[in-house]
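Could you look at this predicted model? Sequence included:
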Amino acid sequence: MTRKEQYEQLIPQIAGLIKGETNLVGILANVSAALHEAFPERFFWTGFYLYEGKETLSLGPFQGSVACYSIPYGKGVCGKAWEEGRTLIVPDVEKFSGHIACSSLSRSEIVVPMYDASHTFRGVLDIDSTYLNDFNEDDKEGLERIIELLMAETQNLFQ
Ligand code: SME
């Protein structure tokens with residue numbers, strides 16, 4: 001199965017998983033688990049950093065090893081994606097100036113910023129891979145669609 005086909009299969013599964021649910025932490029935990037399990041060979045850390053009105057993002061639900069609790073605006077790949085308001089793909093984390101290393105196993109990374117329907121920033125989805133240069137446009141498109149449906153379903157659940 002191609003990567004594109006894997007996302008085609010995964011998107012309705014995630015839609016079903018979160019439909020009608022009202023527990024935000026539970027939803028984010030299940031979405032990170034579903035993504036992590038869908039790509040077990042590649043995804044080493046899969047989770048959320050949330051915007052709670054502060055100048056740093058706070059660690060949210062995730063799958064993988066222990067991670068840092070907060071990431072300042074503009075710092076690391078997550079803070080940069082927040083600052084730039086767009087998905088960032090980092091093919092080699094060692095070549096990204098200011099990368100925040102939570103594990104030496106992480107070699108490449110993708111971060112998708114999350115905005116709700118009123119364009120309010122809610123946080124980021126962060127995925128790390130143990131492979132160099134592991135994320136491509138198919139990942140970007142698939143993950144952005146997942147974040148779009150997540151944001152639509154959780155619109156009223158963020159504080
Ligand atoms: N590498 C991220 C920090 C979070 S961990 O990867 C879980 C960054 O540079 O923003």
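Thanks, I have the structure now.

who's the spatially most central residue of the chain bridged to?
Here the mean C-alpha position of the chain is nearest to the C-alpha of L125 (Cα atoms, centre = their mean), at a distance of 1.6 Å. Beta bridges link L125 to F48, V112 when assigned by DSSP bridges.

any idea how far it lies from M1?
Look at L125 and M1: by Cβ to Cβ, to the nearest Å, they are 22 Å apart. C-betas here are computed from N, CA, C, even on glycine.

So I127: helix, strand or coil?
What DSSP: H, G, I helix; E, B strand; the rest coil gives for I127 is strand.

Contacts only, for it.
By Cβ atoms under 8 Å, 6 or more residues apart in numbering, the residues touching I127 are L35, F43, W45, T46, E109, I110, V111, F135, D139, L143.

pLDDT score for it?
Among the per-residue scores, I127 holds a pLDDT of 98.

How about Q155?
As predicted, Q155 sits at a pLDDT of 88.

and it, how many neighbours?
Applying other Cβ atoms under 10 Å, we find 13 other residues in the vicinity of Q155.
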